[in-house]
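Chemist: build me a model:
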Amino acid sequence: MKRLLHQPVLSLPGQTGRDLERKLPSWKLFFASDLSPSGQGPLVRDQQLAILESLLFAADEPLTPRRLASLLKIRSTDTVKRMIQRLQTLYDADDSALQLVELAGGVQLRTREQFVPWLLKLQPAPHLNLTAASRETLTMIAYKQPITRADLDSLRGVSCIEALRTLLEKGLIRIVGRDKSLGRPVLYGTTRQFLELMGLKSLEALPPLSD
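Modeler: Sure, this is the predicted structure:
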């Protein structure tokens, strides 16, 4: 999990907290200060691009262009999309181990695939521990959504109630509405977390079903 590291303020002998408070800028002045990079060159980020990069680094989930525009106080999402493309160009230009990946309708800063084996030495990949029944049910929901429990039971030939409970608890599926048929049964669909775990930009990126 990514963390923001804050450098502690060290007091000097003979100085009180009030003395340091007079000398150190407030948080408001700190964030209003000039954060522009002092270096020059084709790979240098300007202030706004550097802030965008820091937001993507700190986020634990994909951020949509709309969310980034709100955080950056930019009105146009097209401007944010151009900034994202610019940042990816910089990563490609210096052969960075990082890349920007479109996931679940947003963008996330991730390590390139060739470096994943090294990361697994540091921390094992999360495992969902899904049973065969849960995996089968999840696959059906992904391709047939929105779908009712009755339709899932019919497709599998057995009850899906336990698999549905497991998938709901793990946040992989959700109730997306109600069917118009008798009794108004609930409809199930996948979640954004499902797209993130599967590494999919959207449901349209699901691989085609084999005949």
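
Chemist: what sits up against the lengthiest helix in the chain?
Modeler: Using DSSP state H, we find that the single longest helix of the chain is helix 77-93. Helix 77-93 has contacts (Cβ atoms under 8 Å, 6 or more residues apart in numbering) with 42-43, 45, 48-49, 52-53, 56, 65-66, 68-69, 72, 74, 96, 98-100, 107. (Each C-beta comes from the backbone N, C-alpha and C, glycine too.)

Chemist: likewise for stretch 101-112?
Modeler: Against stretch 101-112 from outside (Cβ under 8 Å, 6+ apart): 53, 56-57, 59, 61-65, 67-68, 84, 96-100, 119, 192-193, 195-196, 199-202.

Chemist: out of those residues, list just those in strands.
Modeler: Among those, the members falling in strands are 98, 99, 100 (criterion: DSSP state E).

Chemist: mind putting those residues into JSON lines with pLDDT and neighbour count?
Modeler: Formatted as JSON lines, the ones in strands among the contacts of stretch 101-112 follow (pLDDT from 0 to 100; neighbours: other Cβ atoms under 10 Å):
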{"residue": "98", "pLDDT": "89", "neighbour count": "18"}
{"residue": "99", "pLDDT": "89", "neighbour count": "15"}
{"residue": "100", "pLDDT": "91", "neighbour count": "17"}
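
Chemist: what's the closest of the residues you listed to residue 171?
Modeler: residue 100 (24.1 Å; Cβ to Cβ).

Chemist: buried ones in the strand or helix carrying residue 49?
Modeler: Using DSSP states H and E, residue 49 falls within helix 47-58. Neighbour counts over helix 47-58 (16 or more other Cβ atoms under 10 Å) mark 48, 49, 51, 52, 53, 56 as buried.

Chemist: same thing with stretch 66-82?
Modeler: Here stretch 66-82 shows 67, 68, 69, 72, 74, 80 as buried, counting by 16+ other Cβ under 10 Å.

Chemist: how far away from the center of its chain is that stretch?
Modeler: Chain-centre distance of stretch 66-82: 17 Å, with Cα atoms, centre = their mean, to the nearest Å.

Chemist: that one: end-to-end distance?
Modeler: 13 Å (Cα to Cα, to the nearest Å).

Chemist: what about that stretch, average pLDDT?
Modeler: Average pLDDT, stretch 66-82: 92.

Chemist: same check on stretch 156-164?
Modeler: Mean predicted confidence for stretch 156-164 is 92.

Chemist: alpha carbons of it, as CSV, please.
Modeler: Written as CSV, here are the backbone C-alpha positions of stretch 156-164 (Å, rounded to 0.1, in the frame of the first residue of the first chain):
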residue,chain,number,x,y,z
ARG,A,156,-25.7,-23.4,-13.7
GLY,A,157,-28.3,-26.0,-13.0
VAL,A,158,-27.9,-25.5,-9.2
SER,A,159,-28.6,-22.8,-6.7
CYS,A,160,-26.1,-19.8,-6.8
ILE,A,161,-27.2,-18.3,-3.5
GLU,A,162,-23.9,-19.1,-1.6
ALA,A,163,-21.8,-18.0,-4.5
LEU,A,164,-23.7,-14.7,-4.8
